[in-house]
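Asks: okay, sequence plus prediction incoming.
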Amino acid sequence: MSRITPLQPLNSGQLNVRSNLTPIKATKSTTQPSQSQPKKKKEKLSALCKTPPSIVRTRNGRDYHRGTFLGEGGFARCFQMKDSAGHIYAAKTVAKASIKNEKTKTKLLSEIKIHKSLKHANIVNFVDCFEDDINVYILLEICPNQSLMELLKTRKRVSEPEVRYFMVQIVGAIKYLHSRRVIHRDLKLGNIFFDPDMNLKIGDFGLASVLPDNNSKKYTICGTPNYIAPEVLGGKLVGHSYEVDIWAIGIMMYALLIGKPPFQAKDVQVIYERIKKTEYFFPADKPISEEAKTLIKDLLSLNPLNRPTINEILSYDWFKGPFPDKTHEISLSDTPRGLNVISKAQSAINFTNTKAEAGIYTPKSKDPVEILRSDLHSEQPRTLLPKSLSPGDTKNKYQEVDPTSMGRPRKVTFNSKFATTIKRLDQICFETYQNMRRLEYSKHERLETVELPSCENPCLISKWVDYSNKYGFSYQMNNDDIGVLFNDGNTFLKLHNSDRFLELIFHENEGWTCIENSVSHPPSQAKRSLEIVDFFAKYMNSNLSKVSDNEERKETVFLRRYTRTPDYIMFEMTNGNFQFNFKDHHKVCISKLGLAITHISPNRVTQTHPLILVLKQGYFPSSDMPDSLEKIATIRDAIKRKALKE
Ligand SMILES: Nc1ncnc2c1ncn2[C@@H]1O[C@H](COP(=O)(O)OP(=O)(O)OP(=O)(O)O)[C@@H](O)[C@H]1O
């Protein structure tokens, strides 16, 4: 987290001592980082953070058991936290006493908002956020193997193959951030952590900022002395953008290969003078390859426009050198053996795999829409594509599918702008089940004594394609919005008759965060997913028949979860409705938390009635749904199972 701290001189000879690396942030009195230093050392705000109680209870009634102390920054202390299922997280703990003024509060909220909106293999995953009387807790994926800073302290220098691997993971994460117009602004070895599998994860979004558009600049002077880019030191008039993160990548690469940051000096003013003149050298007693030097020189270009863009970095020749398959745990203490003898062919494979894992899409590979098209038309038996929603042959359509085996999270809650309207999924299932049960018991009572809901036709899924063995589950609503529930749990929803699409990012415990963007100017990271959404849209329009007729969009609804059984497919929607498409081509939707029922006949006639009415009569008024009561019982039991399983 950012904080307002007078600049401190660096401890002699020590690399990355935390107190010396406190990020700077301009205040009214320190708009230039070159002002004189106060003599008295200011206490770190993290010192205000008291050890949390042994059990922290959240507003949602979740209990977390506090574990050991993990580390301390300038603003926060970090503790282990265990949930009731035994999962261990890191809780970044910020004392409320340290966020008394509005500016600090706004900054903490901004850190939370930005971090929460991110999900990438090389970014520390944001899990939850809650508070008690004394602290605010940001629950994060735990990174038990410390950071690159500790690794370098132990190792003194790191080999080129290892650094190559680190760089690909870091570049993958920064590419993702920049595509979302996020600048990190505090990239340093101490903010890049190792997860349990030794993958790098970027953390600490305390100084991060979102640019309103790609041409705008930021003017606040902030960063950590050794890593700060020259244009930031140029003062408030110059402004800075994504290139400050590229500069920091250059500093980290140099530091890992040589052993200390390039502009390191005892006096912070000397560091700034050196940065402004890019005054650094490659020591002869610490030789590194010419290819590494070329990349570092370019990354540390004085003019930000001369630095490679995030997309250009991995094309440098240096990446053609020996490339390991992963970071092994031994790296934390020693140089692994055999790195320099990895063959050229194996290195190329490892490089490609690592890029793919870091989410880097290589333009040389086949166009994603092409891949999808050829997949869709292949003869693979796993391709579960119904020709229509009412196909003659339902052999493949109604296969048993266990959503957990597809990597989709089972527990889903909702947050962000939907928080007020959307309840936890298990809660909705429970209330709907209870209402259906209650109505069954009261079906012999006089109709006047029973509460009757209003009966407008609900929003329905009118077409769907299950391609979860590869990408996800795609569907079209009867308001013509198109959604894809990707296998990672995130959803893209393209709104009909609009230039907007919603990216709904899933976080365990926390639910979804909604990011709205324009289809004509999507962030580059979203382009591939949008192409897939478009392809599905085209496929559904040309191949599938509709379940129901079009409706105007009255509300934004999307699919939270689906379940396929041999007899039906069940859709659980964000407005709390349940849609069941039965094998006999009749569809039923339960809405109003179980009070209303809709029948969609195979020829698309749609009728909604109070459930009590159907239960009383034993059949659907003026429609020919076979086995109405059996279908209702099947639905009730399916919803009950969901309520109990959650
Ligand atoms: N996900 C994590 N897993 C394990 N330990 C962590 C994690 N995140 C942070 N830590 C530990 O907590 C310390 C403080 O966290 P962090 O750097 O995010 O706080 P900060 O006060 O914002 O720091 P800074 O002064 O660097 O801005 C880290 O140095 C590290 O030791």
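Replies: Yes, it's here.
Asks: tell me if Tyr272 really is in a helix.
Replies: Yes - checked against DSSP: H, G, I helix; E, B strand; the rest coil, Tyr272 lies within a helix.
Asks: mind checking how far it is from the ligand?
Replies: 19 Å (Cβ to the nearest ligand atom, to the nearest Å). Any C-beta I mention is one placed from the backbone N, CA and C, and that applies to glycine too.
Asks: thinking that residue is in contact with Leu233, fair?
Replies: Yes - with contacts defined as Cβ atoms under 8 Å, Tyr272 counts as touching Leu233 at a distance of 5.5 Å.
Asks: remind me which residues of the stretch 301-450 of the chain are low pLDDT?
Replies: 361-424, 447-450 (pLDDT under 70).
Asks: cool, and the chain?
Replies: For the chain, the stretches with pLDDT under 70 are 1-43, 361-424, 447-450, 506-512, 543-554, 645-646.
Asks: longest single strand anywhere in it?
Replies: Ordering each strand of the chain by length in residues (DSSP state E) puts strand 63-72 first.
Asks: list of residues touching that strand?
Replies: 18, 44, 46, 51-58, 77-84, 88-91, 137, 139, 142, 146 (Cβ atoms under 8 Å, 6 or more residues apart in numbering).
Asks: same check on stretch 87-106?
Replies: 1, 3, 45-46, 48-50, 52, 56, 64, 66-67, 70, 75-83, 108, 127, 131, 133-143.
Asks: select only the buried ones of those residues in PyMOL?
Replies: Listed next is the PyMOL selection for buried residues among the contacts of stretch 87-106, using 16 or more other Cβ atoms under 10 Å:
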select buried, resi 1+3+45+46+48+49+52+56+64+66+67+70+75+76+77+78+79+80+81+83+108+127+135+136+137+138+139+140+141+142+143
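Asks: return the residues of the stretch 151-300 of the chain in contact with the ligand.
Replies: Residues of the stretch 151-300 of the chain lying close to the ligand by Cβ under 6 Å from any ligand atom are 190-191, 193, 203-204, 206.
Asks: partner residues bridging Phe492?
Replies: Val484, Glu503 (DSSP bridges).
Asks: tell me the spacing between it and Glu516.
Replies: Relative to Glu516, Phe492 is positioned 12 Å away (Cβ to Cβ, to the nearest Å).
Asks: for burial, what's the neighbour tally of Tyr441?
Replies: 9 (other Cβ atoms under 10 Å).
Asks: buried set for the one helix or strand it maps to?
Replies: Secondary structure assignment for Tyr441, by DSSP states H and E: helix 425-441. Using 16+ other Cβ under 10 Å as the test for burial, helix 425-441 gives 425-426, 428-433, 435-436, 439-440.
Asks: check stretch 527-538 too.
Replies: For stretch 527-538, the neighbour count (16+ other Cβ under 10 Å) marks 529-533, 535-537 as buried.
Asks: what does stretch 461-475 give?
Replies: 461-468, 471-475.
Asks: try stretch 286-298
Replies: Buried residues in stretch 286-298 (16+ other Cβ under 10 Å): 288, 292, 295-296, 298.
Asks: just stretch 328-346 next, same as before
Replies: 331, 339, 342.
Asks: got a markdown table for those, with distance to the ligand and secondary structure too?
Replies: Shown next, in a markdown table, are those (distance: Cβ to the nearest ligand atom, whole Å; DSSP: H, G, I helix; E, B strand; the rest coil):
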| residue | distance to the ligand | secondary structure |
| --- | --- | --- |
| Ser331 | 18 | helix |
| Leu339 | 27 | helix |
| Ile342 | 30 | coil |
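Asks: element containing the closest residue to Pro621 other than its chain neighbours?
Replies: In this structure, Pro621 finds its nearest non-sequential neighbour in His609, 6.1 Å apart by Cβ to Cβ, 6 or more residues apart in numbering. Secondary-structure assignment from DSSP H and E places His609 in strand 606-610.
Asks: give the pairing partners of that strand; include direction for each.
Replies: For strand 606-610, using DSSP bridges, the partner strands are strand 596-600 (antiparallel).
Asks: so which bits of this protein are right by the ligand?
Replies: Within the chain, the positions adjacent to the ligand are 1, 22-23, 46, 70-76, 78, 90, 92, 124, 140-143, 190-191, 193, 203-204, 206 by Cβ under 6 Å from any ligand atom.
Asks: among those, which are in strands?
Replies: Filtering the residues of the chain next to the ligand for strands - DSSP E - leaves 70-72, 78, 90, 92, 140-141, 193.
Asks: tell me the SS of the residue nearest to Asp197 when sequence neighbours are not counted?
Replies: Once flanking residues are discounted, Asp197 sits nearest to Lys326: 7.9 Å by Cβ to Cβ, 6+ apart. Secondary structure, three-state DSSP: Lys326 is coil.
Asks: dump the residues of the stretch 151-300 of the chain next to the ligand to CSV, plus distance to Val588 and neighbour count.
Replies: Shown next, in CSV, are those (distance: Cβ to Cβ, whole Å; neighbours: other Cβ atoms under 10 Å):
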residue, distance to Val588, neighbour count
Gly190, 56, 23
Asn191, 52, 26
Phe193, 49, 25
Gly203, 47, 24
Asp204, 50, 26
Gly206, 50, 27
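Asks: without its sequence neighbours, what residue ends up closest to whichever residue of the stretch 201-350 of the chain sits closest to the ligand?
Replies: The minimum distance from the stretch 201-350 of the chain to the ligand, using Cβ to the nearest ligand atom, falls at Asp204 (3.8 Å). Excluding the flanking residues, the one nearest Asp204 by Cβ to Cβ, 6+ apart is Asn191, at 4.3 Å.
Asks: wait, doesn't that neighbour sit right on Ile202?
Replies: Yes - using Cβ under 8 Å, Asn191 makes contact with Ile202 at a distance of 6.6 Å.
Asks: quick revisit: max pairwise distance over the ones in strands among the residues of the chain next to the ligand: which two?
Replies: Glu72 and Glu141 (18.7 Å; Cβ to Cβ).
Asks: who touches Val182 in this structure?
Replies: Neighbours of Val182 in contact, by Cβ under 8 Å, 6+ apart: 114, 118, 205, 208-211.
Asks: any of those buried? List them.
Replies: Taking 16+ other Cβ under 10 Å as the criterion, what is buried in the contacts of Val182 is 114, 118, 205, 208-209, 211.
Asks: related to what we said a few turns ago, so the helix or strand following the helix holding Tyr441 versus strand 596-600, what angle?
Replies: Next along the chain after helix 425-441, taking DSSP H and E as the criterion, comes strand 461-467. Here strand 461-467 points in a direction 70 degrees away from that of strand 596-600 (axes from the mean of the first three to the mean of the last three Cα atoms, to 10 degrees).
Asks: next, count neighbours for Phe166.
Replies: Neighbour tally, Phe166, other Cβ under 10 Å: 24.
Asks: what sits against it?
Replies: 148, 158, 192, 200, 256, 327.
Asks: one more time with 10 Å
Replies: 122, 148, 151, 158, 189, 192, 194, 199-200, 252-253, 256, 327, 331 (Cβ atoms under 10 Å, 6 or more residues apart in numbering).
Asks: could you do Pro453 as well?
Replies: Contacts for Pro453 were tallied using Cβ under 10 Å, 6+ apart; they are 435, 591-597, 608-612.
Asks: in JSON lines: those residues, plus distance to Ile310.
Replies: Output for the contacts of Pro453, formatted as JSON lines (distance: Cβ to Cβ, whole Å):
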{"residue": "Asn435", "distance to Ile310": "52"}
{"residue": "Ser591", "distance to Ile310": "46"}
{"residue": "Lys592", "distance to Ile310": "49"}
{"residue": "Leu593", "distance to Ile310": "48"}
{"residue": "Gly594", "distance to Ile310": "50"}
{"residue": "Leu595", "distance to Ile310": "53"}
{"residue": "Ala596", "distance to Ile310": "51"}
{"residue": "Ile597", "distance to Ile310": "53"}
{"residue": "Thr608", "distance to Ile310": "52"}
{"residue": "His609", "distance to Ile310": "57"}
{"residue": "Pro610", "distance to Ile310": "57"}
{"residue": "Leu611", "distance to Ile310": "55"}
{"residue": "Ile612", "distance to Ile310": "60"}
